[in-house]
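**Q** would you be able to build a 3D model of this:
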Amino acid sequence: MLRLLGILVTVLLAIATAIAVWPQFFHLEQTYPFAQVVAARGVVLAGFLVAAVIALLLLFARPLRGFAASVLIIALLGAGATGLIGLQRGFGGDTLPAATDTSIRVLTWNTAGDEVSAEEVAGQILERGADIVALPETTEEVGEQIAVSLRDQGHPMWVHHVQFQPDVVDGPKSWHTTVLVSPDLGEYSVIPSSEDGSNNTGSVPSVVLMPVDANAGGPAIVAVHAVAPRMEDMAQWQSDLRWIADQCPTGDFILAGDFNATIDHMAGLGVDGGDMGYCRDAASRTGNGYSGTWPSSLPALLSTPIDHVMASQNWTPTGSAVIDDATGSDHRGLVVQLEPAG
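**A** Model prediction:
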């Protein structure tokens, strides 16, 4: 009886390991609770290693030797597969090359409302030489303070902003998303359906910017903020991800912001080699796909990479860096360098 129980537990453990490593195979990457498990690949990897150590110790108990050996093999296979995925996406590092005459830098940082001051954000923009800055949970007032500080230091940027329910006094900062764009990229405006919320993410706002002069050559810019995948918000989260993917059709597009999703959750949403629509994730192609941005209270390898910069095939990512100093926010910032393709 105990032998049969051991076999059953081993089979169930093998199935659970397969789902934890690659839920996309079972079409469970956007299903609760598997979506939450795969989001924390660093924690999953650590869990596999702990299970392997425990199984190794149980090998010394003769009655449990067969069961322990099975668990050890499964845990090592799970850890190995998870580690290989990490190697493919990159465990982190500052890979930003020197800026060129044709490159642009895109910075995204969920500032958690007032947790990061305008001066601190402006300092990172100057240090990183950012041309496009997506700031979920940053108010227009703070965005303007950032722009004034940047102007005074010789780095002018235009401010664009969307707020849900602007008639509510002192509403949550998550109802705000601000974007700063260098005038070198041309003049931009927020599309009306983005501003009035008629075509937008559902609970927290994204910002869709289009060049005023379509012949100026600047990309369309989408500052993204999707709702978090809490159990009660799973349907809205799935809808937000589909909406974001639709914002990158064929053409010249850059998406940046808090997607509240990892590359794993985007399986099935990419087109022609893209991760979201035709847009491709820059961090995972420049050695930072495994380096987490949330929560900033955990080491980067144990946190979740949910903040992204993505670009259409008009752009080639040449480097990226996760900004480890979150200065009070629960998110780390991410900066990416892009070069025109070809």
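**Q** okay, CA-based contacts and neighbour counts for the rest of this
**A** Noted.
**Q** go ahead and confirm residue 41 touches residue 82.
**A** Yes. Between residue 41 and residue 82 there is a contact under Cα atoms under 8 Å: 7.2 Å.
**Q** with neighbour numbers in mind, choose between these two.
**A** Of the pair residue 41 and residue 82, residue 41 is the one with more neighbours under other Cα atoms under 10 Å, namely 26 against 20.
**Q** check the gap between the more buried one and residue 84 for me.
**A** 11 Å (Cα to Cα, to the nearest Å).
**Q** give me phi/psi at residue 258?
**A** Note on residue 258: its backbone torsions stand at phi -100, psi 100 [degrees, to the nearest 10].
**Q** which residues touch it?
**A** 108, 109, 110, 136, 224, 225, 226, 306, 307, 308 (Cα atoms under 8 Å, 6 or more residues apart in numbering).
**Q** quick check, nearest of those to residue 251?
**A** Distance to residue 251, by Cα to Cα, is smallest for residue 224 among the contacts of residue 258, at 17.9 Å.
**Q** so where do the strands sit in the stretch 101-250 of the chain?
**A** Here the stretch 101-250 of the chain has its strands, by DSSP state E, counting those that start in this stretch, at 104-108, 132-136, 158-163, 176-181, 188-190, 207-211, 220-225.
**Q** let me know the average pLDDT across stretch 258-273.
**A** What stretch 258-273 shows for mean pLDDT is 97.
**Q** just stretch 207-214 next, same as before
**A** Here the average pLDDT along stretch 207-214 is 92.
**Q** make 525 the starting number, not 1.
**A** Happy to do that; since the first residue is 525 now, the last one works out to stretch 731-738.
**Q** got the buried residues for it?
**A** Neighbour counts over stretch 731-738 (16 or more other Cα atoms under 10 Å) mark 731, 732, 733, 734, 735 as buried.
**Q** how distant is it from the center of its chain?
**A** Taking Cα atoms, centre = their mean, to the nearest Å, one finds stretch 731-738 lying 23 Å from the centre of the chain it belongs to.
**Q** which residues touch that stretch?
**A** With Cα under 8 Å, 6+ apart as the test, stretch 731-738 has contacts from 685-686, 701-703, 710-715, 718-719, 724, 742-748.
**Q** show me the helices in the stretch 525-674 of the chain, by range?
**A** Along the stretch 525-674 of the chain, the stretches classed as helices by DSSP state H, counting those that start in this stretch are 526-545, 558-563, 565-582, 589-613, 642-652, 664-676.
**Q** quick one: average confidence on the longest one?
**A** On average, the pLDDT along helix 589-613 is 95.
**Q** contacts made by that helix with the rest, please.
**A** 530-531, 534, 537-538, 541-542, 545, 565, 569-570, 572-573, 575-577, 579-580, 582-583, 807-814.
**Q** return the distance of it from the chain's centre.
**A** 26 Å.
**Q** likewise the shortest one?
**A** Using Cα atoms, centre = their mean, the distance from the centre of helix 558-563 to the centre of the chain it belongs to is 14 Å.
**Q** again with the last one
**A** Helix 664-676 has its C-alpha centroid displaced from the chain centroid by 25 Å (Cα atoms, centre = their mean).
**Q** and if you look at the fifth one?
**A** Offset of helix 642-652 from its chain centre (Cα atoms, centre = their mean): 20 Å.
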